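Participant: Below is the sequence, then the predicted model.
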Amino acid sequence: MQQVGIGIIGCGNISGAYLKALQHFPILKVCGIADLNASLAEARAAEFGVPARTIDELHADPEVAIIVNLTIPKAHVEVGLKALAAGKHVYSEKPLGVTFAEGKRLVEAAKSLNLRVGSAPDTFLGGAHQTARGLIDQGVIGQPIGGTAYFMCPGHERWHPNPDFYYEAGGGPMLDMGPYYITDLVNLFGPVEKVAGFATKVRDIRKIGSEPRRGETIPVHVPTHVAGLMSFANGAVVQISMSFDVAAHWHKPLEVYGTDGTLIVPDPNHFGGDVFVLPLTGEAQGKPVTLPYADGNWRSLGVADMAHAILSDRPHRANGDLALHVLDVMEAFQTASDRGETVTITTSVERPAPLEQSLIDGLIGR
């Protein structure tokens, strides 16, 4: 099958998940991986049997069509702009940028150059979330009227070896975890129109609980508990809470309420999970997840879809406009908190197309 060459920039914690999943998408050819820390790139290259390159070499390689940007959030736009200037399409880890203005700059630069921007998360393409979308579109729960979205934990410094960036500009629970939840909700409902919310910070210092830096303290520069409401264009209103301050809770990650029932959607940070419908009468009904990409960590599915879209000249699903809209929504929570008022979202976006079987066959080479 025809392949699309990719170059990976950034060899931190998330790169391993991408490199594992990439092996299952023959449409993608890894032409090399690079990092400002050359030893990191060499270690990943040896682990996965791919070439270690410099960033300049990836930019200059005519076989590389897409730069997969896995750097830390505050570097996403700078690295992306340089890749665009080199004539490459860009697929970025989330968030698209640390501010809406930054993200907009990247998306507009790509459009001016007739290049594409893609962005994580792509978990909404997973079988469980595509199943949930199908149930909504089939009217199983009636007209959607609202929902809840919860990610709450004590903080990533418990497990991450270098958690500093989670508490710097571009970090915090909303920009870190919000993309999974809000992207999936846009997949389920469509675009957000208005946001109200509050953002707080309860501690100025965090203590690392993981090796190799256990016991070190790091400063906190961003809100660590964000709660609010999103009003969607379809009329649904969703409560959301993203927090690095909550010791424990019993909330489901995502619940969607309709006039005829409730849909329980699994963790949007994963591709799979159990999908349930709670009807007006009767017990919870487990819904079979028969669609693919529900049985593992398929990070890079969005890259594969982007590559297929380039070859077939169609829109890709985890696209820059979607990521920019989500960034617009996430930033609006801080604006709403600062101003004490409801914020109207300046962007809109179409729901990404469902993942149909013909595309799945193309991605895996059937």
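Facilitator: Received it, and whenever you're ready, just let me know what you need.
Participant: make it CA atoms for all contacts and neighbour counts henceforth
Facilitator: Will do.
Participant: all helices for the stretch 1-150 of the chain, in order.
Facilitator: 15-22, 38-48, 55-60, 76-85, 100-112, 127-137 (DSSP state H, counting those that start in this stretch).
Participant: Compute the inter-axis angle for the longest one and helix 76-85.
Facilitator: Helix 100-112 runs at 10 degrees relative to helix 76-85, counting by axes from the mean of the first three to the mean of the last three Cα atoms, to 10 degrees.
Participant: Buried ones in helix 100-112, by neighbour count?
Facilitator: Phe100, Glu102, Gly103, Lys104, Leu106, Val107, Ala109, Ala110 (16 or more other Cα atoms under 10 Å).
Participant: Likewise for the first one?
Facilitator: Buried residues in helix 15-22, defined by neighbour count with 16+ other Cα under 10 Å: Ser15, Tyr18, Leu19, Leu22.
Participant: Sketch out the low-pLDDT regions of this protein for me.
Facilitator: Scanning the chain for pLDDT under 70 picks out 357-366.
Participant: contacting residues for the most centrally placed residue in it?
Facilitator: Centroid check for the chain by Cα atoms, centre = their mean gives Pro121 as the closest residue, at 2.0 Å. Residues near Pro121 by Cα atoms under 8 Å, 6 or more residues apart in numbering: Glu93, Lys94, Pro179, Tyr180, Thr183, Gly302, Ala318.
Participant: which one of the residues you listed is nearest Gly32?
Facilitator: Glu93 (17.3 Å; Cα to Cα).
Participant: The closest residue to the closest one other than its chain neighbours: how many residues sit nearby?
Facilitator: Of all residues not flanking Glu93 in the chain, Ala120 sits nearest, at 5.0 Å (Cα to Cα, 6 or more residues apart in numbering). For Ala120, the neighbour count with other Cα atoms under 10 Å is 26.
Participant: which phi and psi does Ala120 have?
Facilitator: Backbone geometry at Ala120, expressed as degrees, to the nearest 10, gives phi -70, psi 160.
Participant: can you give me the strands in the stretch 101-250 of the chain?
Facilitator: Secondary structure of the stretch 101-250 of the chain (DSSP state E, counting those that start in this stretch): strands located at 117-119, 144-152, 192-200, 205-207, 217-219, 225-232, 237-243.
Participant: Turn these into TSV, including mean neighbour count and distance to Lys252.
Facilitator: Formatted as TSV, those follow (neighbours: other Cα atoms under 10 Å; distance: least, Cα to Cα, whole Å):
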stretch	mean neighbour count	distance to Lys252
strand 117-119	27	25
strand 144-152	22	7
strand 192-200	21	20
strand 205-207	16	27
strand 217-219	15	30
strand 225-232	21	16
strand 237-243	22	12
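Participant: Would you reformat these as CSV and include distance to Ala34?
Facilitator: Output for those, formatted as CSV (distance: least, Cα to Cα, whole Å):
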stretch, distance to Ala34
strand 117-119, 19
strand 144-152, 32
strand 192-200, 36
strand 205-207, 31
strand 217-219, 28
strand 225-232, 34
strand 237-243, 32
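Participant: of all the ones you listed, which lies closest to Asp260?
Facilitator: For these, proximity to Asp260 was assessed by Cα to Cα; strand 144-152 is nearest, at 8.9 Å.
Participant: what helices or strands is that closest one leaning on?
Facilitator: helix 172-189, strand 237-243, strand 254-258 (3 or more Cα pairs under 8 Å, 6 or more residues apart in numbering; DSSP states H and E).
Participant: For Ala41, find the nearest of these.
Facilitator: Judging the helices and strands packed on strand 144-152 by Cα to Cα, what sits closest to Ala41 is helix 172-189, at 24.0 Å.
Participant: quick one: which of the contacts of Pro121 is nearest Tyr150?
Facilitator: Of the contacts of Pro121, the one sitting nearest to Tyr150 (Cα to Cα) turns out to be Tyr180, at 10.8 Å.
Participant: was I right about the closest one contacting Phe271?
Facilitator: No: if you go by Cα atoms under 8 Å, Tyr180 and Phe271 don't touch, sitting 10.6 Å apart.
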